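# Any chance you can model this:
(chains A and B)
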Amino acid sequence: GEDVEQSLFLSVREGDSSVINCTYTDSSSTYLYWYKQEPGAGLQLLTYIFSNMDMKQDQRLTVLLNKKDKHLSLRIADTQTGDSAIYFCAESANTGFQKLVFGTGTRLLVSP
Amino acid sequence: DGGITQSPKYLFRKEGQNVTLSCEQNLNHDAMYWYRQDPGQGLRLIYYSQIVNDFQKGDIAEGYSVSREKKESFPLTVTSAQKNPTAFYLCASMDRAVYNEQFFGPGTRLTVL
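The predicted structure follows:
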């Protein structure tokens, strides 16, 4: 079945890079996503990567995909205190409609 | 501005009562979803609807019901049969022609007293 795993917590200092990791099980996933959730709010799509790509860069965000190991990572360069939030990895399950399977979320804490 | 609205933001319910959470979108999206979020867990799919007048159970549908009478509206009823309803509920919508993003509402926090 589908399963997405993430570490629960990451703490970094302002200005450092943050790397959030995710492993997934469904090798037929078409898209993989990173969402950000600020306290008490809904989810906001940060970026996504198509399954035939290895890397995608978008300003301070870099997504790396290792299909062999089913490993996805999100790197945030020059992390700011405003980046403190929960980050969810999600995969699109190969069903008749677009079902997203979410990881447990990684809480990123950025200290000054 | 286009988007998804959920109301109310906070909801308190006594045990044994049914309660309905509202979700409205003006994005003209066909598909809509309801998720439940518990602390330290990811989002779990309750119900989804791909088109008006049609909806399907997700992974944790027991104790919940939905309707989809209009394209823009997808209300969720939490019934008294739901044994542990206290949670954060998120509604989302998606353009079926563009399979790369679900848009989320701000959420409703339901607390059972």
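
# which non-adjacent residue is nearest A:D3?
Sequence neighbours aside, A:T25 is the residue nearest to A:D3 in space, at 4.7 Å (criterion: CB to CB, 6 or more residues apart in numbering or on different chains). The way it works is simple: take the backbone N, C-alpha and C, and place the C-beta from them, glycine included.

# Now the one you found: phi and psi?
Main-chain dihedrals, A:T25, degrees, to the nearest 10: phi -110, psi -20.

# Near it, how many other residues are there?
Neighbours of A:T25 under the rule other CB atoms under 10 Å in any protein chain shown: 13.

# Kindly list the main-chain dihedrals of A:D83?
Torsion angles, degrees, to the nearest 10, at A:D83: phi -80, psi -10.

# what sits against it?
A:D83 sits next to A:S18, A:I76, A:L108, A:V110 when contact means CB atoms under 8 Å, 6 or more residues apart in numbering or on different chains.

# Just to be sure, the last one is in a strand?
When you say that, I think you mean A:V110. Yes: A:V110 sits within a strand when classified using DSSP: H, G, I helix; E, B strand; the rest coil.

# looking at it, it is touching A:D78, isn't it?
No: at 10.6 Å, A:V110 does not count as touching A:D78 under the criterion of CB atoms under 8 Å.

# So for the two, which residue has more residues nearby?
Looking at A:V110 and A:D78 with other CB under 10 Å, you find the greater number of neighbours at A:V110, namely 20 against 11.

# Helix, strand or coil: sort out the closest residue to B:S73 other than its chain neighbours for me.
Among residues not flanking B:S73 along the chain, B:E24 sits closest, at 5.4 Å (CB to CB, 6+ apart). The local conformation at B:E24, judged by three-state DSSP, is strand.

# Say whether chain A is contacted by stretch B:37-44.
Yes: using CB under 8 Å from any CB of the partner chain, stretch B:37-44 comes into contact with chain A via B:G40, B:Q41, B:G42, B:L43.

# now do stretch B:48-58
Yes: counting by CB under 8 Å from any CB, contacts between stretch B:48-58 and chain A involve B:Y48, B:Q50, B:Q56, B:G58.

# Tell me how far that stretch lies from the chain's centre.
Offset of stretch B:48-58 from its chain centre (CA atoms, centre = their mean, to the nearest Å): 11 Å.
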